[in-house]
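# Just to be clear, the model below is a prediction. Sequence and coordinates:
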Amino acid sequence: MSEDIKKTINELHIYEKKLLKELEANVNATPEEIAEKTGMDIKSVMSAAGSLASKDIIKVEKDVEEEVSLSDVGLEFAKNKLPERRILDVLAEKKEIHMKDLASVSGLNKKESNIAIGWLRRKNWAQIDKGVVKVTDGGVAFKDKLGDDEELLNILTETKNLIKEKLTGDLIDGFKKLNDRKNILNIKKNTSHSFKVLGKGQEILKQGFTIQEQATQLTHQQLKDGEWKNLQYRPYDINAEAPVVFAGKKHPLRVTIDEIREIFLNMGFSEDKGEYVESAFWNFDSLFQPQDHAAREMQDTFYLKNPLTCDLPDMDLVKLTAETHENGADTGSIGWQYDWSEDIARQSVLRTHTTGISTKHLFEHEPPIKMFSVGRVFRRETFDYKHLPEFHQVEGLVCDEGISFQNLLGTLKEFYKKLGFEVRFRPAYFPYTYLSTETEIYLEEKESWIELGGAGMFRPEVLKPLGINQPALAFGLGIERLAMIRYDVEDIRMLYKSDIKWLRELPIDKGIEL
């Protein structure tokens, strides 16, 4: 006995052995017969057959037969004739019928008459000329002769059912016609299986084997009384392929958001969320962004019709903000030198960034402050591989006496270190911060530096109207950009496609190491 056959026999399940033994005794045994003789249920027989087939021991052949019978509609047609036949019977006497009289002379309703006309023309039994239905030579020929579909109707009325595969000649065409009508035929698929022992199976049967219950697990009692010594154990194939399991897991974008949130919380920050719908005051004006700034144009910002406007906050804050915009107030700035408008500040927008959450938080809380926010923002962007009109931003804010730009750089280094990145900084410009910087991270696999976020110290023009006399630092980044880097995605749209194949293949533990 070859080692391979011996190993295969040892690994056979008892159900597989029983099935093989029955096929040795009767090569034509059906699954039902095998189930009856072995005491196995059909499901166990088919499971064993599938396992044997996967090992090239037997071949499982599947045969599907379609059993055809008449539906209630079909029985009605068999009793009262097909609609086109009823009209043909009338045409045999009258030769022609006007369309408007068709229903009354045939006993059919309007819908049935229209269907019948279609079949009369399809069978070449009649034609329509200026609203008149006239019998054709083909119709005359079938006056006293049944069509193939009518013959099949009669046969099914008598036999109740037929096997489609056994239909021959004209009855095949008759089946196609009746089946085209819908609701006339019931078609039931009957599936049967047969087994064929292959060469490897023949060799196993030639070598022979015993059928004995095998232990797959031990009980406490068997270990206690020594019964385990007399048990036969089924060997396990450690090289057998395990089934692929697609475990439930978070979406990569959610993983990124949750991990960033955990980093902030571990660094002692508290979270603020804000609202999607915000006033232009908090979204733009509180950040010292002039009311004629290009970012406020309809091409960049979503303005809402409902609600059309939002309430303004405390009027002292509004007045100080207006003065800062117009002449700089007491900030040491000359402002933007224009007439500030309350109406523009009341406009309701879908927030274009999360920085408005930071200014509102500064107004509503006393320093010292360490706050972060994570949320969706909205801009009128054109869809492409790196732009979406809806995406996520994360914002960090620290406000306290004595903090400086050096504290900002230190906070950023710590934050990005927890993200797992080496970081460097380069000077930048942002309308509401000074000094300002952009953060770049190093990607080893690309051997290059990538810009990931911006940061800076809030300008006095932002802080003074809010009643803040301490310095404040702020920084933020786009979460989709980080997720694209983390998961090696070239097209931002992939993060929102719900591509099940891509999502399944992502490692469940892929993410930020905290």
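Ah, there it is.

# which residues sit in contact with K200?
5, 8, 55-57 (Cβ atoms under 8 Å, 6 or more residues apart in numbering). In this view, the C-beta of every residue, glycine as well, is placed from N, C-alpha and C.

# Of these, just the buried ones, ChimeraX syntax please.
Buried subset of the contacts of K200, written as a ChimeraX selection, criterion 16 or more other Cβ atoms under 10 Å:
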select :8,57
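
# which one of the contacts of K200 is nearest A295?
K55 (67.5 Å; Cβ to Cβ).

# list the helices and strands the least confident helix or strand in the chain by mean pLDDT packs on?
Least confident helix or strand, the chain: helix 102-106 with a mean of 76, by mean pLDDT, DSSP states H and E. Applying 3 or more Cβ pairs under 8 Å, 6 or more residues apart in numbering; DSSP states H and E, one finds that helix 102-106 contacts helix 83-94, helix 110-122.

# Adding distance to T355, mean neighbour count and mean pLDDT as columns, could you present those in a markdown table?
Listed next are those as a markdown table, based on distance: least, Cβ to Cβ, whole Å; neighbours: other Cβ atoms under 10 Å; pLDDT from 0 to 100:
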| stretch | distance to T355 | mean neighbour count | mean pLDDT |
| --- | --- | --- | --- |
| helix 83-94 | 73 | 19 | 83 |
| helix 110-122 | 66 | 16 | 84 |
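
# of all the ones you listed, which lies closest to S448?
Nearest to S448 among these is helix 110-122; the distance by Cβ to Cβ comes to 69.0 Å.

# how far out from the middle of the chain is that closest one?
44 Å (Cα atoms, centre = their mean, to the nearest Å).

# thinking again about what came up before, what two of the contacts of K200 have the greatest distance between them?
I5 and D56 (12.1 Å).

# Show me the strands in the stretch 201-350 of the chain, by range?
Secondary structure of the stretch 201-350 of the chain by DSSP state E, counting those that start in this stretch: the strands cover 270-271, 277-279, 348-350.

# What of the stretch 51-200 of the chain?
Per DSSP E, counting those that start in this stretch, the stretch 51-200 of the chain carries strands over the ranges 58-70, 96-98, 126-129, 132-135, 161-163, 185-197.

# would you list the ones you listed in TSV and tack on mean neighbour count, mean pLDDT and distance to I485?
TSV is the format used below for those (neighbours: other Cβ atoms under 10 Å; pLDDT from 0 to 100; distance: least, Cβ to Cβ, whole Å):
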stretch	mean neighbour count	mean pLDDT	distance to I485
strand 58-70	15	91	49
strand 96-98	14	83	77
strand 126-129	15	86	70
strand 132-135	19	86	74
strand 161-163	13	89	62
strand 185-197	14	91	52
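
# Just send those back as JSON lines, with distance to Q212 too.
Putting the strands of the stretch 51-200 of the chain into JSON lines (distance: least, Cβ to Cβ, whole Å) gives the following:
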{"stretch": "strand 58-70", "distance to Q212": "21"}
{"stretch": "strand 96-98", "distance to Q212": "81"}
{"stretch": "strand 126-129", "distance to Q212": "76"}
{"stretch": "strand 132-135", "distance to Q212": "79"}
{"stretch": "strand 161-163", "distance to Q212": "43"}
{"stretch": "strand 185-197", "distance to Q212": "22"}
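
# So for S404, which of the ones you listed sits nearest?
strand 58-70 (76.8 Å).

# Could I get the CA-only coordinates of the closest one as CSV?
Extracted C-alpha coordinates of strand 58-70, given in CSV (Å, rounded to 0.1, in the frame of the first residue of the first chain):
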residue,chain,number,x,y,z
ILE,A,58,-15.3,9.9,-6.7
LYS,A,59,-17.0,12.1,-9.2
VAL,A,60,-20.4,13.6,-8.4
GLU,A,61,-22.7,14.0,-11.5
LYS,A,62,-25.7,16.3,-11.4
ASP,A,63,-28.7,15.9,-13.6
VAL,A,64,-31.5,18.5,-13.7
GLU,A,65,-34.9,17.7,-15.2
GLU,A,66,-37.6,20.3,-15.8
GLU,A,67,-41.1,19.0,-15.0
VAL,A,68,-43.8,20.9,-17.0
SER,A,69,-47.5,21.2,-15.9
LEU,A,70,-50.4,23.6,-16.5
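
# neighbouring contacts of that strand?
The set of residues external to strand 58-70 that reach it, using Cβ under 8 Å, 6+ apart, is 19-20, 23, 49-50, 52-53, 78, 153, 156-157, 160-165, 175, 184-198, 201.

# What pairs with it, parallel or antiparallel?
Within its sheet, strand 58-70 is paired with strand 161-163 (antiparallel), strand 185-197 (antiparallel), according to DSSP bridges.

# Dump those to a markdown table, plus distance to K206.
Formatted as a markdown table, the strands paired with strand 58-70 follow (distance: least, Cβ to Cβ, whole Å):
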| stretch | distance to K206 |
| --- | --- |
| strand 161-163 | 39 |
| strand 185-197 | 11 |
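
# Enumerate every residue touching the nearest residue to E213 once chain neighbours are set aside.
Distances taken as Cβ to Cβ, 6 or more residues apart in numbering put I14 closest to E213, at 6.4 Å, once the chain neighbours are dropped. Residues in contact with I14 (Cβ under 8 Å, 6+ apart) are 211-214.

# would you list the helices and strands packed on helix 102-106 in TSV and tack on distance to K43?
Putting those into TSV (distance: least, Cβ to Cβ, whole Å) gives the following:
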stretch	distance to K43
helix 83-94	47
helix 110-122	45
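
# quick one, which of the ones you listed is nearest to E490?
Checked against Cβ to Cβ, the stretch from the helices and strands packed on helix 102-106 lying closest is helix 110-122, at 54.4 Å.

# So which elements touch the closest one?
Secondary-structure packing of helix 110-122 (3+ Cβ pairs under 8 Å, 6+ apart): helix 83-94, helix 102-106, strand 126-129.

# Which residue is the nearest non-sequential neighbour of D173?
Nearest to D173 is D148, by Cβ to Cβ, 6+ apart, at 5.0 Å.

# how close does the one you found get to G174?
4 Å (Cβ to Cβ, to the nearest Å).

# Ok, I479 next?
Using Cβ to Cβ, we find I479 at a distance of 65 Å from G174.

# Roughly how far does the residue of the chain most remote from its centre sit from I87?
The centre of the chain is farthest from one residue, E93, which by Cα atoms, centre = their mean lies 62.8 Å away. For E93, the distance to I87 (Cβ to Cβ) stands at 11 Å.

# can you check R121 too?
Distance of R121 to I87, given as Cβ to Cβ: 11 Å.

# What about E16, how many residues nearby?
E16 has 22 neighbours, counted by other Cβ atoms under 10 Å.

# so the closest residue to it other than its chain neighbours is in which element?
In this structure, E16 finds its nearest non-sequential neighbour in A48, 4.7 Å apart by Cβ to Cβ, 6+ apart. Following DSSP states H and E, one finds A48 within helix 42-54.

# Figure out the helix or strand that G454 lives in.
Taking DSSP H and E as the definition, one finds G454 inside strand 448-458.

# In terms of secondary structure, what does whatever helix or strand comes next after that strand contact?
Toward the C-terminus, strand 448-458 is succeeded by helix 460-463 as the next helix or strand (DSSP H and E). With contacts taken as 3+ Cβ pairs under 8 Å, 6+ apart, helix 460-463 sits against no other helix or strand.

# Taking their axis directions, the following helix or strand past helix 460-463 and strand 448-458 sit at what angle?
Per DSSP H and E, the first helix or strand lying C-terminal to helix 460-463 is strand 472-478. Going by axes from the mean of the first three to the mean of the last three Cα atoms, to 10 degrees, strand 472-478 is angled at 150 degrees with respect to strand 448-458.
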